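**Q** Got a predicted structure here, sequence first:
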Amino acid sequence: MAESVQAPTPAPVPTGKPMGKGVGIDDSAVARLKALLEQRQTPSAGLRIAIRGGGCSGLAYHLEWAEGAKERDKVFERDGVRVFVDPKSYLYLMGTELIFEETLMASGFKLRNPNEKAACGCGESFSV
């Protein structure tokens, strides 16, 4: 009786997402941020991502423009685009990836956060 041989399982395809640390910036987010910074005529500015209390799930994402990093900020850069995160927010954002989605219904930045245990339907608040 012949023994069956299984083909090896292919290795997972890397997604560009940081492994446990850092905040990743997806290609889609890089392209959109570059375009927005050019429109604002502030190419040296960046996007600040923060976590605030509130929202229907307890914590809410807050995104805003920042001219530069604050003293204790963690700075993540990719292809000339910078993201600033304060130390307290970073505890909730480790391993998160910033993406930009554009669909027929809506477009905007989204955060793929592996630390989320639950999220509301709007995607702007979550719990850990």
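**A** Yes, it's here.
**Q** For stretch 23-38, which outside residues touch it?
**A** By C-beta atoms under 8 Å, 6 or more residues apart in numbering, the list of residues contacting stretch 23-38 from outside reads 16-18, 43, 45-47, 49, 74, 76, 78-81, 83, 85, 90, 93-94, 96-101, 109. Glycine gets a C-beta too; all of them are placed from N, C-alpha and C.
**Q** Of the residues you listed, which belong to strands?
**A** When DSSP state E defines the strands, the subset of those inside them is 46-47, 49, 74, 76, 78, 81, 83, 85, 96-101, 109.
**Q** Report the buried members of those.
**A** Among the ones in strands among the contacts of stretch 23-38, those that count as buried by neighbour count (16 or more other C-beta atoms under 10 Å) are 46-47, 49, 74, 76, 78, 81, 83, 85, 96-100, 109.
**Q** how about low-confidence regions in the chain?
**A** 1-20, 55-57, 118-127 (pLDDT under 70).
**Q** longest helix of it?
**A** For the chain, the helix that runs over the most residues, judged by DSSP state H, is helix 27-40.
**Q** Centre-most residue in the chain?
**A** residue 98 (2.2 Å; C-alpha atoms, centre = their mean).
**Q** Tell me who's in contact with that one.
**A** Contacts for residue 98 were tallied using C-beta under 8 Å, 6+ apart; they are 23, 24, 25, 26, 29, 47, 49, 83, 109, 110, 111.
**Q** ok, these vs residue 58, which is closest?
**A** Distances from residue 58 to the contacts of residue 98, taken as C-beta to C-beta, are shortest for residue 111 (15.4 Å).
**Q** Now tell me what touches the helix or strand where the closest one lies from outside.
**A** Residue 111 is part of strand 107-112 when elements are defined by DSSP states H and E. With contact meaning C-beta under 8 Å, 6+ apart, strand 107-112 is reached by 17, 29, 32, 47, 49, 61, 63, 93, 96-101, 123.
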